[in-house]
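Engineer: predicted model follows, preceded by the sequence.
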Amino acid sequence: MSGAFGLAKTERICSKKLIETLFNSGAGKSLSAFPLRLVYMLIERDTSVGLMPPVQAQMMVSVPKRYFKRAVKRNRVKRQVREAYRKNKQLVLSRLLDTPDKAVAMAFIWMDGKLQDSAFVEQRMINLLTRLGERLCE
């Protein structure tokens, strides 16, 4: 599935170097809408780190083992978060169209020990992506 509502492999963060920079360098900024936390970093094309992704927005999902011991539940939450992002990523991408020399790397982290229904997760995702879009325009 490709196009505006797809989630291609290139839109997922696979680079360990980029993940490390996002979390350890102090460059990552954070937003939260319980039960999700968004850590993001704006990447400029002229950066010396050489981390420019092939697309303007890349994402990853993390569900810590301390909240769900069973992999089945962690995978369900990751699937819900990816689906909510896939349906609403235009909220961020529309803001990035004006600046082709910039990209954003995002990590969604689950912070609750309870499973939630997909509608609730999508509502929180819309909240986060709208706030991120506003911050990107500043």
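Structural biologist: Cool, the structure landed. Numbering: from 1, shown residues only.

Engineer: longest helix of the chain?
Structural biologist: The longest helix of the chain (DSSP state H) is helix 118-137.

Engineer: since we're on Pro54, how many residues are nearby?
Structural biologist: Counted with other Cβ atoms under 10 Å, residues neighbouring Pro54 total 10. No exception for glycine: its C-beta is placed from N, CA and C like everyone else's.

Engineer: coming back round to it: the longest helix of the chain - contacts with which helices or strands?
Structural biologist: The contact analysis (3 or more Cβ pairs under 8 Å, 6 or more residues apart in numbering; DSSP states H and E) places helix 118-137 against strand 29-33, strand 36-44, helix 71-88, helix 90-96, strand 102-110.

Engineer: what's the most buried one of those?
Structural biologist: strand 102-110 (a mean of 21; mean count of other Cβ atoms under 10 Å).

Engineer: tell me the strands beside that strand, with direction?
Structural biologist: Taking DSSP bridges as the criterion, strand 102-110 sits next to strand 36-44 (antiparallel), strand 57-62 (parallel) in its sheet.

Engineer: run through who's touching that strand.
Structural biologist: With contacts defined as Cβ atoms under 8 Å, 6 or more residues apart in numbering, strand 102-110 is touched by 13, 18-19, 22-23, 28, 35-45, 51-53, 55-64, 67, 77, 81, 85, 92, 96, 125, 128, 132, 136.

Engineer: for the protein, give me the ranges with low pLDDT.
Structural biologist: Scanning the chain for pLDDT under 70 picks out the ranges 1-3, 45-53.

Engineer: now with 50?
Structural biologist: Along the chain, the model assigns pLDDT under 50 to residues 1, 48.

Engineer: re the thing from before, what about the helices and strands packed on helix 118-137, which gets the closest to Ser118?
Structural biologist: Proximity to Ser118, assessed across those by Cβ to Cβ, is greatest for helix 71-88 (5.2 Å).
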